[in-house]
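>>> I need the structure of the sequence given here:
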Amino acid sequence: CNRVFAYHEAGVALISELLRKENESLQKVKSVSLVPRNRSWSRTNYFISSDKSYKMLTEEDMKRQIQVQLAGRAAEELAFGEATTYSALDVARASDVAVKMLNSGLTREGVLPFTFPADFFTKGIVFSDPQVQVDRQELLDITSNMSTNDPNGQCPPSDVTRFKAEVAVRELIEEAHAKNLAILRENRGCLDAIAQKLLEKTELDRDELLQIINHSAAATSI
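Numbers count the residues shown, from 1 in each chain. The predicted model follows:
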């Protein structure tokens, strides 16, 4: 299992830092760890910004958020030939970001005549370890919740609107996953190096992470 955790977090950290080269407003990775904390077996930690001002996000900003959420899944698929249930919660979180894009009119569908709950895919998730034990199949189906009845008695979206929303969310998820696979394939040596160092040391701080990334970039350019 540790190899899965190591590649998962290596993928998240690497995608985060490579995307940050495109947009420096993205959060910096603080550390990467295989030490279990807060019901999760591993985690990538970020520096928390002291800027409390309201930030307006663009379509590209939110697409990058989706990529970061799905990076671990792509790394698993690349390293082991298939993804695991460890990334199920990541898919749900990425889907929630896609729903926020829908509500903001930031997809190709434009503004839809229905506002979907922003926590459609993660509401009520309670697991002893949410990233490992998947007891709810809907976590692996990014469109399941869009067909449910609203518990508050509100009118559900029409079939046409729901279909457009489902297609838009799936397209965003698939696009981000494809981009992640392409980036990680191009930087496979770096991905392997981060995962291997994680297995050796259990935790990497930002300086150690950047040293591996910069070394791999230098080796590739030779």
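>>> what ranges do the helices span in the chain?
2-20, 59-80, 88-103, 159-186, 188-201, 206-221 (DSSP state H).
>>> who's in contact with the most centrally placed residue in the chain?
Taking Cα atoms, centre = their mean, the centroid of the chain lies closest to Gln69, which sits 0.6 Å from it. Going by Cβ atoms under 8 Å, 6 or more residues apart in numbering, Gln69 touches 90-91, 93-94, 97, 176. For the C-beta atoms, the positions are set from N, CA and C on the backbone; glycine is no exception.
>>> how many other residues sit next to Met101?
A count of nearby residues for Met101, using other Cβ atoms under 10 Å, gives 22.
>>> mind checking pLDDT for it?
Listed pLDDT for Met101 reads 85.
>>> Please name the residues that touch it.
59, 62-63, 107, 168, 172.
>>> Hmm, which of those is lowest in pLDDT?
Lowest confidence among these: Thr107, with 79.
>>> Counting neighbours, what do you get for it?
22.
>>> OK, contacts around it?
Listed by Cβ under 8 Å, 6+ apart, the contact partners of Thr107 are 98, 101, 168, 171-172.
>>> In JSON lines: the contacts of Met101, plus distance to Arg206.
Converted to JSON lines, the contacts of Met101 look like this (distance: Cβ to Cβ, whole Å):
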{"residue": "Glu59", "distance to Arg206": "28"}
{"residue": "Met62", "distance to Arg206": "25"}
{"residue": "Lys63", "distance to Arg206": "24"}
{"residue": "Thr107", "distance to Arg206": "34"}
{"residue": "Ala168", "distance to Arg206": "35"}
{"residue": "Leu172", "distance to Arg206": "29"}
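>>> got a winner among these for most neighbours?
Most surrounded of the contacts of Met101: other Cβ under 10 Å gives Leu172, at 27 neighbours.
>>> Name the nearest residue to that residue, ignoring sequence neighbours.
Distances taken as Cβ to Cβ, 6 or more residues apart in numbering put Ala98 closest to Leu172, at 4.4 Å, once the chain neighbours are dropped.
>>> repeat for Leu181
Closest to Leu181 by Cβ to Cβ, 6+ apart is Ala74, at 5.0 Å.
>>> quick one: the one you found and Asn180 touch, right?
Yes - taking contacts as Cβ atoms under 8 Å, Ala74 lies within contact range of Asn180: 3.7 Å.
>>> Mind listing the shared neighbours of these two?
With Cβ under 8 Å, 6+ apart, Ala74 and Asn180 have common neighbours 11, 15.
>>> what about Ser42, how many residues close to it?
Ser42 is flanked by 25 other residues according to other Cβ under 10 Å.
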